[in-house]
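S.K.: here you go, sequence then predicted model.
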Amino acid sequence: MKQNMKRLWLMVCMVFSLFALSACSAAGEDSQSLDAETSETLCSVTEGLLELCTGLSAEEIDEAEAAALKKKDTLTASLLTAWKGVREDTGAFVDVLSSEAMATEEGYECVVTASFANRKAEFKAFYEDGAQGMPVPTSFSFTPEYTTGEKLAKAGMNTLMGMGTVFLVLIFISLIISCFKFINVFENRAKKAAPVPAAAPVPAVPSAAVEEEDLTDDLELVAVITAAIAAFDNTSADGLVVRSIKRAPGAKWKRA
């Protein structure tokens with residue numbers, strides 16, 4: 001494992017060395033032009049990086065990625081991360097089928113088509129002009145070639161997962177809404193279980209509102225009142241008939 005790690009770091013160092021040599025011959029030419037020597041160098045370096053990173057085991061990839069991140073070597077870490085993401089789909093590396101380097105607006109691009117145990121894949125390395133016109137690698141990518149059936153299967157699986165997630169959310173929302181009817185039941189039960197407040201005391205009925213007593217049956221009182229009326233009118237008491245007796249509120253005799 002340590003030997004493979006050393007080979008990987010050595011290849012990264014060789015990238016800058018080879019580009020430094022090719023930059024001397026390409027001095028004075030347009031930065032967008034790509035001569036045969038630079039193209040061959042790009043292809044050789046890119047193929048070497050592909051063979052080295054694909055030759056690592058799963059444990060070696062994880063250790064190399066962690067070591068690169070610790071050293072803040074994001075370029076090597078991105079290469080290992082890209083390969084780790086497609087390693088299970090492509091399988092083990094078999095051979096390089098073709099490689100091509102070209103100039104782009106941002107710098108250079110090298111495409112290496114390689115065969116793997118499960119399928120073919122394209123390995124792309126992107127470069128830009130560095131110091132003294134020397135190309136410097138900036139990023140890497142792997143693109144496996146899937147069959148039409150595999151593409152349709154993945155598309156169907158993505159569609160199924162998306163629609164399934166939507167339906168699950170809708171079912172969950174409908175269940176929540178259906179539970180709203182139980183809220184009133186719980187509220188009514190809580191109200192019934194709550195203690196009933198004591199009734200307010202009824203105020204006493206005023207004495208004036210009490211039905212007045214009928215005093216017409218009191219013969220002595222009737223006789224006295226009849227005699228008083230007869231004496232007041234200076235008439236005989238025989239012609240007077242007392243039919244009812246009522247107590248007058250606030251009678252003058254009370255204030256005498």
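M.R.: Alright, I've got the coordinates.
S.K.: quick check: Ile183 vs Ile176, distance?
M.R.: With distances defined as CB to CB, to the nearest Å, the gap from Ile183 to Ile176 amounts to 11 Å. In short, each C-beta sits where N, CA and C put it, glycine included.
S.K.: do you know the pLDDT at Val224?
M.R.: With respect to pLDDT, Val224 has a value of 74.
S.K.: against which helices or strands is the host helix or strand of it packed?
M.R.: Following DSSP states H and E, one finds Val224 within helix 219-233. Counting by 3 or more CB pairs under 8 Å, 6 or more residues apart in numbering; DSSP states H and E, no packing neighbours are recorded for helix 219-233 among the helices and strands.
S.K.: which parts of it are buried?
M.R.: Of the residues in helix 219-233, those with enough neighbours to count as buried (16 or more other CB atoms under 10 Å) are Val222, Thr226.
S.K.: please apply the same query to stretch 38-52.
M.R.: 38-39, 41-52.
S.K.: and for stretch 108-126?
M.R.: If you call a residue buried by 16+ other CB under 10 Å, then stretch 108-126 has these buried ones: Tyr108, Glu109, Cys110, Val111, Val112, Ala114, Ser115, Phe116, Ala121, Phe123, Ala125, Phe126.
S.K.: dump it to PDB, keeping only the CA atoms.
M.R.: Listed next in PDB are the C-alpha coordinates belonging to stretch 108-126 (Å, rounded to 0.1, in the frame of the first residue of the first chain):
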ATOM      1  CA  TYR A 108      -6.600  22.100 -21.900                       C
ATOM      2  CA  GLU A 109      -8.700  18.900 -21.600                       C
ATOM      3  CA  CYS A 110      -7.600  15.300 -22.000                       C
ATOM      4  CA  VAL A 111     -10.200  12.500 -22.500                       C
ATOM      5  CA  VAL A 112      -9.100   8.900 -21.900                       C
ATOM      6  CA  THR A 113     -11.500   6.200 -22.800                       C
ATOM      7  CA  ALA A 114     -10.700   3.000 -20.900                       C
ATOM      8  CA  SER A 115     -12.300  -0.400 -20.500                       C
ATOM      9  CA  PHE A 116     -13.200  -1.800 -17.100                       C
ATOM     10  CA  ALA A 117     -14.500  -5.100 -15.900                       C
ATOM     11  CA  ASN A 118     -18.200  -4.000 -16.100                       C
ATOM     12  CA  ARG A 119     -18.300  -1.300 -18.700                       C
ATOM     13  CA  LYS A 120     -16.300   1.400 -20.500                       C
ATOM     14  CA  ALA A 121     -15.800   4.800 -19.000                       C
ATOM     15  CA  GLU A 122     -14.300   8.200 -19.900                       C
ATOM     16  CA  PHE A 123     -11.700   9.800 -17.600                       C
ATOM     17  CA  LYS A 124     -11.300  13.500 -18.100                       C
ATOM     18  CA  ALA A 125      -8.600  15.700 -16.800                       C
ATOM     19  CA  PHE A 126      -8.800  19.500 -17.000                       C
END
